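Colleague: Provide a 3D model corresponding to the input given below.
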Amino acid sequence: MPLNITKYAGKIHGVEFRQCKTFPDSRGSFTEVFRSEWPQGVHYGDRIQLNLSRSVKGSMRGLHFHRRQSDWWIPVAGTLQIALADLRIGSPTFLKTQLITLNSSDSICILIPPGVAHGFLVLDDVSLIYAVNRYYDGSDEQGVAWNDPDLNIAWEEPDPVRSDRDRSNPTVKDLRREGLLPEYL
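Modeller: Predicted coordinates:
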């Protein structure tokens, strides 16, 4: 049964949720997960990179954000708790957060625009495919603390497994003081 995505829409300006069309038959199913025209206002052009992230239960990735890159997330296995935080100075939803739990069987894809921090907690082993509109070189990725009190995200796991880099991400106050928060475009 398709998930009602309207309950997610509009929480953070520019974040889009799309219910993917799934066509089941006796062999299984086929699901359409990406068309370059779906993310409104995002030009994917000829610089699309597809990535596969596999993560084990209890681990966390993020929170990360980009100044120029959009992400299109496609959960293909498992259940994850996703957090989004608008870090774009001047955005109508600046510092607003959104926390949702998705299972891959929900067939929901998410567009995350530049300046919106994103991360996920793995509730059971997860495979996530994501498309980005810039080739990865590391220069456009920044982070913010997953447990920043100014974001007040109510994660299900109080002490997730994180990378060294994610354990040392700065707070929103640190990013603001250093002039590292992105501008809303």
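Colleague: Listing request: residues of the protein with sub-threshold pLDDT.
Modeller: 1-4, 37-45 (pLDDT under 70).
Colleague: residue contacts, Val132?
Modeller: By C-beta atoms under 8 Å, 6 or more residues apart in numbering, the contact set of Val132 is 48-49, 51, 69-72. For glycine as for every other residue, the C-beta is placed from the backbone atoms N, C-alpha and C.
Colleague: quick one: which of those is nearest Thr93?
Modeller: Distance to Thr93, by C-beta to C-beta, is smallest for Ser70 among those, at 16.4 Å.
Colleague: right, and that closest one touches Ile112 too?
Modeller: Yes - when contacts are counted by C-beta atoms under 8 Å, Ser70 is listed as touching Ile112 (6.7 Å).
Colleague: So between those two, which is more surrounded?
Modeller: Applying other C-beta atoms under 10 Å to Ser70 and Ile112 shows that Ile112 carries more neighbours, namely 25 against 21.
Colleague: Tell me the buried residues in the helix or strand hosting Val76?
Modeller: Assessed by DSSP states H and E, Val76 sits inside strand 71-86. By neighbour count on 16 or more other C-beta atoms under 10 Å, the buried set for strand 71-86 is 71-75, 78-86.
Colleague: Which strands and helices lie in contact with whichever helix or strand comes after it?
Modeller: Beyond strand 71-86 on the C-terminal side, the first helix or strand identified by DSSP H and E is strand 97-103. Packing partners of strand 97-103 (3 or more C-beta pairs under 8 Å, 6 or more residues apart in numbering; DSSP states H and E): strand 71-86.
Colleague: The strand it packs on pairs with which strands, and in what direction?
Modeller: strand 97-103 (antiparallel), strand 108-112 (antiparallel), strand 116-132 (antiparallel) (DSSP bridges).
Colleague: and among the ones you listed, the most buried is which?
Modeller: strand 108-112 (a mean of 23; mean count of other C-beta atoms under 10 Å).
Colleague: Provide the contact partners of that strand at residue level.
Modeller: 3, 5, 14-20, 33-34, 38-39, 42, 70-75, 82, 84, 102, 118.
Colleague: Just want the most central residue of this structure.
Modeller: For the chain, His118 is the residue whose C-alpha lies nearest the centre (C-alpha atoms, centre = their mean; 4.2 Å).
Colleague: So it sits against Gly62, correct?
Modeller: Yes - in this structure His118 lies within contact range of Gly62 using C-beta under 8 Å: 5.8 Å.
Colleague: Give me the common contacts of those two.
Modeller: Common neighbours of His118 and Gly62 (C-beta under 8 Å, 6+ apart) are Ala83.
Colleague: so what's Ile74 up against?
Modeller: 20, 33-34, 109, 128-131.
Colleague: could you redo the last one with a cut-off of 7 Å?
Modeller: 33-34, 109, 128-130 (C-beta atoms under 7 Å, 6 or more residues apart in numbering).
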